[in-house]
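>>> What shape does this take:
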Amino acid sequence: MQLTLWTYEGPPHVGAMRIATAMDGVHYVLHAPQGDTYADLLFTMIERLPKRPPVTYTTFQARDLGSDTAELFKNAAREAYERFRPQAMLVGASCTAELIQDDPGGLAEALALPVPVVPLELPSYQKKENWGAAETFYRIVRALSRPRQAPAGGVPTCNILGPTALGFRHRDDLREIRALLERMGIAVNVAAPLSATPADLARLADADFNVVLYPEIAQSAANWLKKQHGMPFTTVVPIGVRATREFIAEVAGLAGIAVDPALEDAASRAPWYARSVDSTYLTGKRVFVFGDATHAIAAARVASDEFGFEVVGLGTYSREFAREVRAAAARYGVEALISDDYLEVEQKVAELSPELVLGTQMERHIAKRLGLPCAVISAPVHVQDFPARHSPQMGFEGANVLFDSWVHPLMMGLEEHLLGMFREDFEFHDGAAPSHLGKSTPPAARVVPAEPQEIVTPAAVPQPANAGDIAPGWSADAERELGKIPFFVRGKARRNTERFARDTGVLTITIETLYDAKAHYGR
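Numbers count the residues shown, from 1 in each chain. Reported below is the predicted structural model:
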């Protein structure tokens, strides 16, 4: 484990909580100390769910370690069943309780509860949240599913697998893809784990095939269902117009139906907007993409193939899908960044100086510090990325959302640049009165007396052995000239100029130095 300020994923028991919270009729008994109850806040404060997660903590304390913590767990499990009467129970340990080795699965089995109990063994010191969610879903599917009982034939049916609690736009993606499948004439048998019950999981095998929306969560379960019940599953993630059309063709092939041409031409404004005059200046914009593997790979494809951006960086924190991300990165001629260290990601973004960052909540903070436009495309996210409105990432409507989310930061960047460029104009400067009021005297500016400055003579400053040992300073004229450069490339211009000044031994950057550096790096 690593001590860090930010983390892309929590421990695997948080992934198990995402499955339990997504489902109905499931309760999770977690052997954990008092401090591990923090995870409730992820669902109530960030996702803004109207209820607490269905989790009972044993909440043992330091003084309990000298007594029988196993009995503490058994009492908590027994009381949880009596109070909540779930259709199925999950039992496991948090990262801290794992060290005690109390075996929650064996203890729960000894209680002989009248409902299915699924034991979870989640190695907290080797695996993380998404793996924990995938393993939990796999275990509960394996424990509860039964052979097919519905007769074959008739209307083709499918299951939708993958949406969870605390997932990035999972609620809206599920609604969008369910509607798309129904327009194709395909009935949805079960959508899981979001809003599914244990009884729903028991009839998963009644469907003809599975739709896997998020491989990080559902691929393990889909592989098992294919092996055990012969159920094929989709491999195309429908993010973007092109991927959605490929998804429709793949689903139609699995269902054995013809696709209505009108459905393939479903109205999405994103392709036309991307080709329109207002957006042509976006072509070739350099973009850095980072997130979970599903969203990062899909976002890079949309950015390159549908928006005309140049992908200069692609990465993921999902180490289980590193091979797929490396293959995707090779398509754009870049080396994939596989890391869960946000400082390494920040260093890469600063090095590449992209014009747009597509990432997680962490990349939003990184981009803000570096003065770069950013759009969030993947978990982990903050409260503003659980909007009240319908805002999917998948399907044709999802493509419209992508266009708005990604392009508008660049549009606002252009507007901000124009405001900055005309800030000193006689008509638009900060002290000018509003033009619609005609000629008037602007309010007098409040003058704040300047603090006395200590004057340091050059002789008083110790000189380094060479000029490259210190950062060069900027003259006032050079700073003003730098301010005329669009803010989304201003950081790169500053860094290049300072590097040029150090290499050439310049201690004070002037306008001439700025343009010399521009000519040097423009060769």
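
>>> which residue sits closest to the residue nearest the centre of the chain, ignoring its sequence neighbours?
Centroid check for the chain by Cα atoms, centre = their mean gives residue 378 as the closest residue, at 1.6 Å. Leaving out its chain neighbours, the residue that sits closest to residue 378 by Cβ to Cβ, 6 or more residues apart in numbering is residue 291, at 2.7 Å. Placement of C-beta: from N, CA and C, glycine included.

>>> For residue 397, see how far away the one you found is.
Going from residue 291 to residue 397 by Cβ to Cβ, to the nearest Å gives 20 Å.

>>> Those two: which is more packed in?
residue 291 (30 against 23; other Cβ atoms under 10 Å).

>>> where along the stretch 151-300 of the chain do the helices fall?
170-183, 198-202, 215-229, 241-255, 261-264, 270-275, 293-301 (DSSP state H, counting those that start in this stretch).

>>> rewinding a little: run through the bridge partners of the residue nearest to residue 378.
residue 316 (DSSP bridges).

>>> Surely it is in contact with residue 362?
No. Judged on Cβ atoms under 8 Å, residue 291 makes no contact with residue 362 at a distance of 9.7 Å.

>>> who touches residue 297 in this structure?
Residue 297 makes contact with 237, 314, 324-325, 328, according to Cβ atoms under 8 Å, 6 or more residues apart in numbering.

>>> Phi and psi next, for residue 112.
phi 50, psi 50 (degrees, to the nearest 10).

>>> and it, what pLDDT?
Residue 112 carries a pLDDT value of 92.

>>> gap between it and residue 77?
11 Å.

>>> got the contact list for residue 193?
Neighbours of residue 193 in contact, by Cβ under 8 Å, 6+ apart: 19, 22-23, 137, 140, 163-164.

>>> Look up the pLDDT of it for me, please.
97.

>>> Residue 489 too?
At residue 489, pLDDT is 70.

>>> cool, the one 10 residues further on as well?
The model reports residue 499 with a pLDDT of 90.

>>> For it, which residues are in contact?
Contacts of residue 499 by Cβ under 8 Å, 6+ apart are residue 517.

>>> Spell out which helix or strand contains it, please.
Per DSSP states H and E, residue 499 falls inside helix 487-504.

>>> So for that helix, what gets flagged as buried?
488-494, 496-498, 500-502 (16 or more other Cβ atoms under 10 Å).

>>> And the residues you listed, which is closest to residue 124?
For the buried residues of helix 487-504, the closest approach to residue 124 (Cβ to Cβ) belongs to residue 491, at 38.8 Å.

>>> The closest one against residue 369, yeah?
No. Residue 491 is beyond contact range of residue 369, at 9.8 Å (criterion: Cβ under 8 Å).

>>> quick one on the thing from earlier: got the buried residues of helix 487-504 as TSV, with distance to residue 179 columns?
Listed next are the buried residues of helix 487-504 as TSV, based on distance: Cβ to Cβ, whole Å:
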residue	distance to residue 179
488	37
489	41
490	44
491	43
492	43
493	47
494	48
496	49
497	52
498	53
500	55
501	58
502	58
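
>>> Share the number of residues neighbouring the nearest residue to residue 167 once chain neighbours are set aside, please.
Computed as Cβ to Cβ, 6+ apart, the closest residue to residue 167 that is not its neighbour in sequence is residue 379, at 6.5 Å. Residue 379 has 23 neighbours, counted by other Cβ under 10 Å.

>>> again, but for residue 473
Residue 473: 13 neighbours (other Cβ under 10 Å).

>>> Pull up the gap between it and residue 239, please.
Here residue 473 is placed at a distance of 47 Å from residue 239 (Cβ to Cβ).

>>> Could you do residue 497 as well?
39 Å.

>>> again with residue 21
Taking Cβ to Cβ, one finds residue 21 at 24 Å from residue 239.

>>> again, but for residue 226
23 Å.

>>> Looking at those two, which has the bigger crowd around it?
Using other Cβ under 10 Å as the criterion, residue 226 and residue 239 rank with residue 239 on top: 26 against 14.

>>> Tell me where the stretch 1-150 of the chain has helices.
12-22, 40-41, 69-84, 104-111, 129-144.

>>> contacting residues around residue 472?
Residue 472 sits next to 498, 501-502, 506-509 when contact means Cβ under 8 Å, 6+ apart.

>>> Apply 6 Å and report the result again.
Residues near residue 472 by Cβ atoms under 6 Å, 6 or more residues apart in numbering: 498, 501, 506-507, 509.

>>> could you dump those to a markdown table with distance to residue 60?
Output for these, formatted as a markdown table (distance: Cβ to Cβ, whole Å):
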| residue | distance to residue 60 |
| --- | --- |
| 498 | 55 |
| 501 | 60 |
| 506 | 64 |
| 507 | 63 |
| 509 | 61 |
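
>>> ok, of those, which one's closest to residue 89?
Among the contacts of residue 472, and counting by Cβ to Cβ, the member closest to residue 89 is residue 498, at 60.4 Å.

>>> so how far is residue 478 from that closest one?
When residue 498 is compared with residue 478 (using Cβ to Cβ), they lie 11 Å apart.

>>> Measure how buried the closest residue to residue 203 other than its chain neighbours is and give me the count.
Spatial nearest neighbour of residue 203, chain neighbours left out: residue 190 (6.5 Å); criterion: Cβ to Cβ, 6+ apart. Using other Cβ under 10 Å, the number of residues around residue 190 comes to 24.

>>> Can you give me the distance of residue 190 to residue 231?
Residue 190 is 12 Å from residue 231, by Cβ to Cβ.

>>> closest to residue 483 among the contacts of residue 472?
Using Cβ to Cβ, these come closest to residue 483 at residue 509, 13.4 Å.

>>> which residues sit in contact with the closest one?
472, 474, 478, 497, 501.

>>> ok, of those residues, which one's closest to residue 15?
Nearest to residue 15 among these, with distances taken as Cβ to Cβ, is residue 497, at 46.2 Å.

>>> which residues does the residue nearest to the closest one when sequence neighbours are not counted contact?
Once flanking residues are discounted, residue 497 sits nearest to residue 517: 4.2 Å by Cβ to Cβ, 6+ apart. Each residue near residue 517 by Cβ under 6 Å, 6+ apart is listed here: 496-497, 500.

>>> now these in a markdown table, with distance to residue 352?
A markdown table is the format used below for those (distance: Cβ to Cβ, whole Å):
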| residue | distance to residue 352 |
| --- | --- |
| 496 | 13 |
| 497 | 18 |
| 500 | 19 |
